[in-house]
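Peer 1: Pasting the sequence and the predicted coordinates here, then a few questions.
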Amino acid sequence: MKATSRMFLLAAAAALAASGVCAQSRSAPVTTPRIYIFDNGAITGLNPGLFNFTPDELAEVDFVNTSYLIVHPQGTLMFEAGAVADSRFLAGGGEVTEGVMSATKPLRPQLAAAGYAPSDITYFALSHYHSDHTANANDFAEAIWIVQRAERDFMFADDPEGIVQPASYHALRDAETKILDNEDFDVFGDGTVVVLAAPGHTPGHQVVAVELANAGTVVLGGDLYHYPEERTTGRVPTFEFDAEQSRASRRKIEQYLQDNDATLWIEHDIATHAALPKAPAYVD
Ligand SMILES: [Zn+2]
């Protein structure tokens with residue numbers, strides 16, 4: 001238990017100031033799952049042509065970067081690890097820019113505001129290996145890493161090519177690992193937090209469904225889509241590992257959403273996340 005009572009008080013005060021939603025330290029166990037959302041900055045200056053769109057076809061061209069902590073009565077699942085490593089932030093604060101990516105908030109303080117340190121996390125998962133999702137992955141190597149075999153094989157290939165920064169996740173090589181063979185995984189065994197295989201964007205891309213008592217079922221969609229307009233037009237990005245696989249995964253997840261009356265959170269979508277509370281507030 002590393003959260004100090006002072007940290008708890010700060011988190012609680014911030015949450016109360018935010019929206020009347022309460023923050024709660026992990027020292028007070030939850031009775032139903034909740035999701036904390038972390039702000040990991042933005043991607044600006046993207047060429048929408050990479051996604052088979054012209055700028056005027058999109059409501060928003062830019063991305064937000066997000067990561068999530070799912071807290072369940074039996075443990076926690078950290079999903080995604082941010083786009084800019086905490087080590088890149090200066091002590092005095094301020095915005096950090098790395099190419100098209102920028103961020104103003106490191107991840108650890110946001111996690112701490114929710115009452116957690118990386119060493120407290122039970123499970124860790126990435127939607128996929130692209131570097132805008134892996135920046136702080138090494139911090140979670142003490143957790144049990146949930147990964148599809150095809151994704152892990154690519155990540156630890158001799159010379160992985162593409163949007164990938166192996167140094168950001170090398171510590172996962174030795175993590176305790178739950179390897180999945182293109183399959184779904186019920187993380188806590190009660191059906192409320194389920195990793196769903198959704199390959200195509202990368203060989204072992206995956207998303208996470210969370211059944212919440214008040215907000216209903218939410219699917220954290222990774223990069224199954226980047227823009228809401230992909231969902232309505234059926235277009236896929238130009239740089240998919242396997243576009244046909246992506247289309248099949250979209251059909252699978254759309255069916256899941258329908259069957260479970262679930263809401264999809266497109267992780268890079270500005271509008272989706274503008275409407276959601278950020279940690280230490282949460283959705284439950
Ligand atoms: Zn991404």
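Peer 2: Structure received.
Peer 1: Return the list of helices and strands in contact with the helix or strand harbouring residue 67.
Peer 2: According to DSSP states H and E, residue 67 maps onto strand 63-72. Applying 3 or more C-beta pairs under 8 Å, 6 or more residues apart in numbering; DSSP states H and E, one finds that strand 63-72 makes contact with strand 34-43, strand 75-79, helix 131-134, strand 206-212, helix 270-274. The way it works is simple: take the backbone N, C-alpha and C, and place the C-beta from them, glycine included.
Peer 1: of these, which approaches residue 188 most closely?
Peer 2: When these are compared by C-beta to C-beta, strand 75-79 sits nearest residue 188, at 6.5 Å.
Peer 1: Dump the helices and strands packed on strand 63-72 to a markdown table, plus mean neighbour count, distance to residue 50 and mean pLDDT.
Peer 2: Below are these laid out as a markdown table (neighbours: other C-beta atoms under 10 Å; distance: least, C-beta to C-beta, whole Å; pLDDT from 0 to 100):
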| stretch | mean neighbour count | distance to residue 50 | mean pLDDT |
| --- | --- | --- | --- |
| strand 34-43 | 22 | 11 | 98 |
| strand 75-79 | 24 | 24 | 98 |
| helix 131-134 | 24 | 13 | 97 |
| strand 206-212 | 24 | 21 | 98 |
| helix 270-274 | 15 | 17 | 97 |
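Peer 1: Pull the distance from stretch 62-75 to the chain's centre.
Peer 2: Centroid displacement of stretch 62-75 relative to its chain, using C-alpha atoms, centre = their mean, to the nearest Å, is 5 Å.
Peer 1: Now do the contacts for whichever residue of the stretch 151-284 of the chain sits closest to the ion.
Peer 2: In the stretch 151-284 of the chain, the residue that lies nearest the ion is residue 223 (4.4 Å; C-beta to the ion). Counting by C-beta atoms under 8 Å, 6 or more residues apart in numbering, residue 223 touches 127-128, 130, 133, 201, 205, 267-268.
Peer 1: Would you mind naming what in the stretch 51-200 of the chain lies close to the ion?
Peer 2: For the stretch 51-200 of the chain, the residues in contact with the ion (C-beta under 5 Å from the ion) are residue 132.
Peer 1: So which residues of the protein form strands?
Peer 2: Counting by DSSP state E, the chain has these strands, from start to end: 34-43, 63-72, 75-79, 96-98, 101-103, 123-125, 144-148, 177-180, 185-186, 193-197, 206-212, 216-220, 263-265.
Peer 1: Next, the angle strand 216-220 makes with the second one.
Peer 2: Okay, so that is strand 63-72. Computed with axes from the mean of the first three to the mean of the last three C-alpha atoms, to 10 degrees, the direction of strand 63-72 lies at 130 degrees from that of strand 216-220.
Peer 1: State the mean pLDDT of strand 63-72.
Peer 2: Averaged over strand 63-72, pLDDT sits at 98.
Peer 1: What strands flank that strand, and is each parallel or antiparallel?
Peer 2: Pairing partners of strand 63-72, with direction, according to DSSP bridges: strand 34-43 (antiparallel), strand 75-79 (antiparallel).
Peer 1: Can I get the longest one in PDB? Just the C-alpha atoms.
Peer 2: This file holds the C-alpha atoms of strand 34-43, laid out as PDB (Å, rounded to 0.1, in the frame of the first residue of the first chain):
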ATOM      1  CA  ARG A  34     -14.900   1.200 -12.600                       C
ATOM      2  CA  ILE A  35     -12.700   2.900 -15.300                       C
ATOM      3  CA  TYR A  36     -10.300   5.700 -14.700                       C
ATOM      4  CA  ILE A  37      -9.300   7.700 -17.800                       C
ATOM      5  CA  PHE A  38      -5.900   9.200 -18.200                       C
ATOM      6  CA  ASP A  39      -4.900  12.100 -20.500                       C
ATOM      7  CA  ASN A  40      -1.800  11.200 -22.500                       C
ATOM      8  CA  GLY A  41      -1.900  14.200 -24.800                       C
ATOM      9  CA  ALA A  42      -2.600  14.600 -28.500                       C
ATOM     10  CA  ILE A  43      -1.400  13.800 -32.000                       C
END
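Peer 1: now that strand: how far from the chain's centre is it?
Peer 2: Centroid displacement of strand 34-43 relative to its chain, using C-alpha atoms, centre = their mean, is 8 Å.
Peer 1: quick revisit: for the contacts of residue 223, work out which two are farthest apart.
Peer 2: Of all pairs drawn from the contacts of residue 223, the greatest distance, 13.7 Å, lies between 205 and 268 (C-beta to C-beta).
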